[in-house]
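[1] can't give you the sequence, but here's the structure:
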């Protein structure tokens, strides 16, 4: 299943080549038709912008973390490149007094780019640690602030550290005739960055990052540690941005503080969100669209404008069509897309994904494999769990045991603490007392992704699927984790699980398009794909009709036996619970008030009392 | 007085249900966790929109009203988990509840609440976050009464309370009933609810499975099974 | 010691302006979860209106109150034209919308009046100082601190004693429940923007007095200060925003006087770096407003 060399390697490269070809082809065609230096420069700038925007996409698109300060990395790279690449003769006029002999250094532009890359990556590693520490996740404010601060810091340093950067007025400038005189380095960098972005998106790290983007909590519950994927995404993204920035400085021939500040941040972000931030194709498309629109606005804004021979002597509506127009258009584009189409023109559509769907070989549904044995000695033990929320004791010395392969039910009225117990077992709530262990291994308050990898995998009461990903991608996410961290148990394939869940015909649909019952089944399949020792199911039949929940019994049984897992299931529906469980625990007010076989539990007056609210006999 | 028929899409907890409440009636809506009770109250209060169906109140179609318009129409909801404003003081919570009435009326209502809930009177200027569970529930109910609703809805008023406090909540419901108020109450504590209700509906898995007067339902021996869906095997 | 007191007064003067701006950001964040990067544009717009009025021969005494009015109106207009359309959208959308407005406003000024800085004269008394023992106190700082104290007190009264303030606090604490209590979401959000605009207007008067000019990019600096101060304090906490603003002002002044040689020019960079560090080790800011996640 993964990596599927054709789907995850060959097609992305083909798609990248096609994207590259289309962007470069249309740019060159435009330049040839228009002629003149200006249009050539415009096209060059567009290619460089494309490198930057693809770089941004690698991080923002895959992780959903909103980095405001990526252009700050660009500033570091740009200045580093300029400091090393500019001839000492030309530096002498600006920054003769630079410390550490920087004024005398001279290396080739290629080496200077590498140096800029290394320096920028070092800074990125530090920032990455900071982001990890602050718990960056989709929409996290701290990440926005940290990256924004980076942008301000680089800008201020560039402005104020005059002896190295040349300050706000002079800056650093290449000598005449010593700037980039060929587009070849740009082509190589552009193609390289598109390929890197596409391959990353299809890679293990990219997929896990996207799962965490869709739902951080659910990803952690599936054994994903988002921090490591996000760090990889950040470093790759910054590397691309660093190369792009070096080329930008080399092409323009000078660097000033304003070159990598708000204006450029806005330009690149607009390009990214207009195309569609979740897709590399979208990023490239956004670059082309915004470059075109901006150029049209610029020409409309200058007197005597003309476009392919059509034009007027003087611009009409002189108060609108004038110099500042391109900026206004950019601002409007940002606003308009945010208000009416915040996912951009093509959302997460990818050229190579589309091509792959056209040409992939037909697939046959596999047979559902036989059950595999579970280890009865692998006991799940929760002992004396106490949870206090503020002054409220949600869990009061609750204990439970489940042997491997056993199906154990957890019932009780609303607010009894069932979900809290599952939250404690899976590491999402830290208990104030008590311990959790699996097969003798203590897991009390371990991070939830480690607990998941150790064999305790849960589903959620209020459905937490990776909604933009397809059904198959949802299941693949946990299969990828199992591949790397699994117990070595021989697990069914992703497709076998999808068939067992009855989702085969929906395998290519987005999780968000599934109806309620199928969403529940997908959650089950996704959890099973991790090959857990225990599946912890929180209200798997919530919102289902009686007949649906009877079907669910079979599905839960099949899935669990396919991966040799025991089950701990919360449900309110006694039909379901008595139909599937070997043993049941009944909770009330945070404590276990009864346990036993289904018929014992049903006859227990305390259980009836807890449900119906009759005062329990003392 | 209140009529509700709703139909939801497949992704929702409630399917095709209807219920009605007459003036001066205390109606219970009982059923297990996940039955869709909260969804129904949320729909009536305007927090959620049904896929189809209507909410009628005092002869007017109020479907699709925003929550503040519903309140102004005379429907108030005491939400699940009480949702009191913990940073605001007790009296400020009450004032927020009475934001739609005039200031003179508001102060007379405040006096009324002080009489009705002596516990709250003692803690008038305490931030509501410091109240105990029972006090907080009383505050939540008092806050809803501040808008002078003609129909008061409560979502799980006994949830998470110690048994003594559950008694207190039901006494309170009883006294509101004695005042002739119209109440629609979602409860999981079925027996207690049925003891105070004129009528009740049993909702399970998004469907109405039983309906009748409080005493009728109480006498049904299969109540527990109806309730949690156990087929006595 | 003398230097410290001197710095403290200067810092509080500067910080007061930041505090008013940050408070406006925090008020809006409270009801809408919007981190408003367009906040500085209220000062840009006010600056141009002030410039136009000065050209008509108006004096600061007449212009100052008008600046506040203009800021309130601008804030409401921006809410109506843009933010009301993205209510309840994702954080990503909200942040980029406000960033887009920030950019659009400055772009419109570049297009309509040009990128050049427009200067006007500062009030005559702005550079006056008086001596208290060994300390030189700027009249301007005293005025700023005084007006800020009065403004903050007035804000406290509005928030604590009026029904509007109560509605605002209730909506910030729990928007859905506030609606259930009959609070009209439109009114409370517009009220928040009006209050935020008024605070920005008062800060704007001082900002423009000190700057003595306005330009399309004038909004950037106050925006950065406002957003960062609100974040330092802990988003959503009004008290935190005020503390954050004052802390930012004092930190800037102290660092500028203490950093050696060329490094003093890097004051702002150092301050920003410190803020980044703060967020690495305390992502919720100084005063945390907890948001428990229900699973």
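    It's in. The structure displayed is predicted, hence computed values, not measured ones.
[2] when you work out contacts or count neighbours from here on, use the C-alpha atoms and nothing else.
    Fine.
[3] could you list the domains of chain A?
    Annotated domains of chain A cover A:5-256, A:380-612 [automatic domain parsing].
[4] among the ones you listed, which is nearest residue B:176?
    Closest to residue B:176 of the domains of chain A, according to C-alpha to C-alpha: domain A:380-612, at 22.5 Å.
[5] want to throw the domains of chain A into CSV with mean neighbour count?
    Output for the domains of chain A, formatted as CSV (neighbours: other C-alpha atoms under 10 Å in any protein chain shown):
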stretch, mean neighbour count
domain A:5-256, 22
domain A:380-612, 21
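[6] so which of these comes closest to chain C?
    Chain C sits nearest to domain A:5-256 of all the domains of chain A, at 4.4 Å, using C-alpha to the nearest C-alpha.
[7] gap between the two ends of that closest one?
    One end of domain A:5-256 to the other measures 45 Å (C-alpha to C-alpha, to the nearest Å).
[8] kindly report the same for stretch A:92-101.
    This stretch, stretch A:92-101, spans 11 Å end to end (C-alpha to C-alpha).
[9] phi and psi next, for residue C:118.
    phi -100, psi 120 (degrees, to the nearest 10).
[10] export the domains of chain A as TSV, with columns for mean pLDDT.
    Shown next, in TSV, are the domains of chain A (pLDDT from 0 to 100):
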stretch	mean pLDDT
domain A:5-256	89
domain A:380-612	89
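[11] quick check: which of those is nearest to residue A:326?
    Here domain A:5-256 is closest among the domains of chain A (C-alpha to C-alpha), at 14.0 Å.
[12] so which strand or helix has residue C:29?
    Assigned by DSSP states H and E, residue C:29 belongs to helix C:2-32.
[13] apart from its neighbours in sequence, what residue is nearest the residue nearest the centre of chain A?
    With distances taken as C-alpha atoms, centre = their mean, residue A:63 lies nearest the centre of chain A, 2.6 Å away. Sequence neighbours aside, residue A:213 is the residue nearest to residue A:63 in space, at 5.0 Å (criterion: C-alpha to C-alpha, 6 or more residues apart in numbering or on different chains).
[14] one more: residue B:113?
    What sits nearest to residue B:113 in space, not counting adjacent residues and going by C-alpha to C-alpha, 6+ apart, is residue B:142, at 6.4 Å.
[15] what residue is smack in the middle of chain B?
    When C-alpha atoms, centre = their mean is applied to chain B, the residue found nearest the centroid is residue B:154 (1.3 Å).
[16] need the contact list for that residue.
    Residue B:154 makes contacts with B:77-80, B:141, B:183-186, as judged by C-alpha atoms under 8 Å, 6 or more residues apart in numbering or on different chains.
[17] do that again at 6 Å, thanks
    Listed by C-alpha atoms under 6 Å, 6 or more residues apart in numbering or on different chains, the contact partners of residue B:154 are B:77-78, B:185.
[18] most neighbours of all those residues, which one?
    In terms of neighbours by other C-alpha atoms under 10 Å in any protein chain shown, those top out with residue B:77 at 31 neighbours.
[19] near chain C, anything from the helix or strand it falls within?
    Per DSSP H and E, residue B:77 falls inside strand B:75-78. No. Judged by C-alpha under 6 Å from any C-alpha of the partner chain, strand B:75-78 and chain C are separated, with a smallest distance of 6.8 Å.
[20] what does that strand contact?
    B:144, B:149, B:151-154.
[21] the residue nearest to the centre of chain A contacts residue A:211, doesn't it?
    No. Counting by C-alpha atoms under 6 Å, residue A:63 stays clear of residue A:211, with 8.5 Å between them.
[22] near chain B, which residues of chain C are found?
    Chain C comes close to chain B at residues C:179-184, as judged by C-alpha under 6 Å from any C-alpha.
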